[in-house]
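> This is the structure alone, sequence omitted:
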């Protein structure tokens, strides 16, 4: 084999995520933006076959009990069981979530469902902002 051949890399496409398989991901950035408003989130896939792959997910706002955004926040370890709870988006960064991918749609998009993955004891669990009389804390 020629020594030059060892210096050549081939670009490969990512393997398709398997439908229904639970993938572990780490939340990177989360921000509310757009019209209509939505929560834009980047999640790094931690599965060995997908390591380093970034998924950009847009979730509907407002957060409502049982909607996809509520499921995502619950997967991040945020207690979203109470109507009126406040969530600081900075608390989501670094959270580990489970992702299950659905079938590919006609527009090439893919539905993602989120699940809670128990974090090791050394990782913090996120909680919503407590209501207080001090508006500056919010």
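The structure has been received and is ready for your questions. The model shown is predicted, which means the values in this text are computed figures rather than measured ones.

> hang on, residue 6 is in a strand, isn't it?
No - judged by DSSP: H, G, I helix; E, B strand; the rest coil, residue 6 forms no part of a strand; its state is helix.

> Can you report how many residues neighbour it?
By the criterion of other Cβ atoms under 10 Å, residue 6 has 7 neighbours. Quick note: C-beta positions are derived from backbone N, CA and C, even for glycine.

> so where's this structure shaky on pLDDT?
1-5, 105-106, 108, 119-138 (pLDDT under 70).

> residue boundaries of the helices in it?
68-75 (DSSP state H).

> Ignoring the adjacent residues along the chain, who's closest to residue 51?
Leaving aside its chain neighbours, residue 51 sits nearest to residue 45 (6.9 Å; criterion: Cβ to Cβ, 6 or more residues apart in numbering).

> Just list the residues touching that neighbour, thanks.
By Cβ atoms under 8 Å, 6 or more residues apart in numbering, the contact list for residue 45 reads 17, 23-25, 51-55, 99.

> Please repeat the previous calculation with a cut-off of 6 Å.
23, 25, 53 (Cβ atoms under 6 Å, 6 or more residues apart in numbering).

> now swap in residue 114 and tell me
71-72, 75, 97.

> gap between it and residue 13?
25 Å (Cβ to Cβ, to the nearest Å).

> Quick one: the contacts of residue 45 as TSV, columns for distance to residue 118 and neighbour count too.
Below are these laid out as TSV (distance: Cβ to Cβ, whole Å; neighbours: other Cβ atoms under 10 Å):
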residue	distance to residue 118	neighbour count
23	15	22
25	14	26
53	23	16
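
> how about the strands of this protein, start to end?
22-33, 38-45, 54-60, 96-104, 110-116 (DSSP state E).

> quick one: the fourth one to strand 54-60, angle?
Spelled out, it's strand 96-104. Per axes from the mean of the first three to the mean of the last three Cα atoms, to 10 degrees, the angle that strand 96-104 makes with strand 54-60 is 80 degrees.

> Kind regards, and thank you for your time.
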